[in-house]
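Chemist: Okay, structure incoming, though there's no sequence with it:
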(Lines give C-alpha, C1' and ligand atoms only; values in the text may rest on other atoms or scores of the structure.)
Protein backbone atom coordinates (compact mmCIF):
# COMPACT_ATOMS: atom_id res chain seq x y z
CA UNK A 1 0.00 0.00 0.00
CA UNK A 2 1.54 3.28 -1.10
CA UNK A 3 -0.60 5.52 1.11
CA UNK A 4 1.53 5.41 4.28
CA UNK A 5 4.61 6.10 2.16
CA UNK A 6 3.15 9.12 0.31
CA UNK A 7 5.52 12.09 0.29
CA UNK A 8 2.97 14.31 2.08
CA UNK A 9 2.40 11.78 4.89
CA UNK A 10 4.41 10.36 7.75
CA UNK A 11 3.79 7.07 9.48
CA UNK A 12 5.96 5.94 12.36
CA UNK A 13 5.73 2.40 10.96
CA UNK A 14 4.32 2.16 7.41
CA UNK A 15 4.38 -1.65 7.45
CA UNK A 16 2.36 -1.77 10.68
CA UNK A 17 -0.04 0.82 9.26
CA UNK A 18 -0.64 -1.35 6.22
CA UNK A 19 -1.15 -4.46 8.32
CA UNK A 20 -3.64 -2.75 10.62
CA UNK A 21 -5.66 -1.07 7.84
CA UNK A 22 -9.16 -2.55 7.97
CA UNK A 23 -11.72 -2.52 5.15
CA UNK A 24 -13.06 0.90 6.15
CA UNK A 25 -9.58 2.43 6.04
CA UNK A 26 -8.72 0.72 2.76
CA UNK A 27 -12.05 1.86 1.30
CA UNK A 28 -11.14 5.49 1.98
CA UNK A 29 -7.52 5.33 0.88
CA UNK A 30 -8.27 4.42 -2.75
CA UNK A 31 -10.48 7.46 -3.48
CA UNK A 32 -8.05 9.77 -1.64
CA UNK A 33 -5.13 8.62 -3.78
CA UNK A 34 -7.22 8.78 -6.97
CA UNK A 35 -8.40 12.32 -6.23
CA UNK A 36 -4.84 13.62 -5.91
CA UNK A 37 -5.77 15.76 -2.89
CA UNK A 38 -2.43 14.99 -1.23
CA UNK A 39 -0.53 16.27 -4.25
CA UNK A 40 -2.74 19.29 -4.99
CA UNK A 41 -2.65 20.74 -1.47
CA UNK A 42 0.28 21.19 0.88
CA UNK A 43 0.14 19.53 4.29
CA UNK A 44 -0.07 23.01 5.88
CA UNK A 45 -3.12 23.92 3.76
CA UNK A 46 -4.74 20.61 4.68
CA UNK A 47 -4.10 21.21 8.39
CA UNK A 48 -5.39 24.78 8.24
CA UNK A 49 -8.53 23.83 6.31
CA UNK A 50 -9.23 20.88 8.60
CA UNK A 51 -9.55 23.24 11.56
CA UNK A 52 -12.80 24.49 10.03
CA UNK A 53 -14.28 21.06 10.70
CA UNK A 54 -12.51 20.50 14.02
CA UNK A 55 -10.24 17.87 12.50
CA UNK A 56 -6.81 18.03 14.09
CA UNK A 57 -4.03 17.31 11.62
CA UNK A 58 -0.63 17.08 13.25
CA UNK A 59 2.37 18.04 11.14
CA UNK A 60 5.85 16.63 11.62
CA UNK A 61 8.90 18.86 11.99
CA UNK A 62 9.54 18.48 8.25
CA UNK A 63 5.96 19.51 7.40
CA UNK A 64 4.31 16.17 6.65
CA UNK A 65 0.89 15.02 7.86
CA UNK A 66 1.41 12.66 10.79
CA UNK A 67 -0.90 9.67 10.39
CA UNK A 68 -2.80 9.20 13.67
CA UNK A 69 -2.24 6.15 15.84
CA UNK A 70 -5.87 5.60 16.86
CA UNK A 71 -8.47 4.22 14.48
CA UNK A 72 -10.98 6.93 15.45
CA UNK A 73 -8.58 9.78 14.62
CA UNK A 74 -7.43 8.01 11.45
CA UNK A 75 -11.01 7.56 10.21
CA UNK A 76 -11.72 11.26 10.85
CA UNK A 77 -8.59 12.29 8.92
CA UNK A 78 -9.48 9.98 6.04
CA UNK A 79 -13.04 11.32 5.90
CA UNK A 80 -11.62 14.84 5.71
CA UNK A 81 -9.14 13.93 2.97
CA UNK A 82 -11.92 12.18 1.03
CA UNK A 83 -13.95 15.40 1.26
CA UNK A 84 -16.80 13.94 3.31
CA UNK A 85 -17.16 17.16 5.32
CA UNK A 86 -19.21 20.09 4.11
CA UNK A 87 -20.79 23.26 5.46
CA UNK A 88 -24.44 24.12 5.00
CA UNK A 89 -24.69 27.44 3.15
CA UNK A 90 -27.67 28.64 5.18
CA UNK A 91 -27.04 27.56 8.76
CA UNK A 92 -23.23 27.32 8.46
CA UNK A 93 -23.56 23.95 10.20
CA UNK A 94 -20.85 21.40 9.45
CA UNK A 95 -21.99 18.01 8.23
CA UNK A 96 -20.45 14.69 7.22
CA UNK A 97 -21.73 13.34 3.94
CA UNK A 98 -22.35 9.72 3.10
CA UNK A 99 -22.66 10.42 -0.63
CA UNK A 100 -20.30 11.63 -3.31
CA UNK A 101 -23.10 12.84 -5.54
CA UNK A 102 -22.28 16.26 -6.96
CA UNK A 103 -24.91 18.90 -6.29
CA UNK A 104 -26.72 20.10 -9.42
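Modeler: Looks like it arrived, so ask away. What you see is a predicted model, and the numbers here were worked out from it, not measured in a lab.
Chemist: distance between the ends of stretch 59-66?
Modeler: With C-alpha to C-alpha, to the nearest Å as the measure, the ends of stretch 59-66 fall 5 Å from one another.
Chemist: How far away from the center of its chain is it?
Modeler: 14 Å (C-alpha atoms, centre = their mean, to the nearest Å).
Chemist: and what of stretch 18-34?
Modeler: 11 Å.
Chemist: which residues touch it?
Modeler: For stretch 18-34, contacts defined as C-beta atoms under 8 Å, 6 or more residues apart in numbering pick out 1-4, 6, 38, 71, 74-75, 78-79, 81-82, 100. No exception for glycine: its C-beta is placed from N, CA and C like everyone else's.
Chemist: repeat that for 6 Å
Modeler: Here stretch 18-34 makes contact (C-beta atoms under 6 Å, 6 or more residues apart in numbering) with 1, 3, 78, 81, 82.
Chemist: Stretch 40-58 too?
Modeler: 8, 59, 63, 64, 65, 66, 76, 80, 85, 94.
Chemist: possible to save those as JSON lines with secondary structure, neighbour count and distance to residue 49?
Modeler: Formatted as JSON lines, the contacts of stretch 40-58 follow (DSSP: H, G, I helix; E, B strand; the rest coil; neighbours: other C-beta atoms under 10 Å; distance: C-beta to C-beta, whole Å):
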{"residue": "8", "secondary structure": "coil", "neighbour count": "15", "distance to residue 49": "14"}
{"residue": "59", "secondary structure": "strand", "neighbour count": "15", "distance to residue 49": "13"}
{"residue": "63", "secondary structure": "coil", "neighbour count": "12", "distance to residue 49": "15"}
{"residue": "64", "secondary structure": "coil", "neighbour count": "16", "distance to residue 49": "16"}
{"residue": "65", "secondary structure": "strand", "neighbour count": "23", "distance to residue 49": "12"}
{"residue": "66", "secondary structure": "strand", "neighbour count": "17", "distance to residue 49": "16"}
{"residue": "76", "secondary structure": "helix", "neighbour count": "21", "distance to residue 49": "14"}
{"residue": "80", "secondary structure": "helix", "neighbour count": "21", "distance to residue 49": "8"}
{"residue": "85", "secondary structure": "strand", "neighbour count": "19", "distance to residue 49": "9"}
{"residue": "94", "secondary structure": "strand", "neighbour count": "13", "distance to residue 49": "12"}
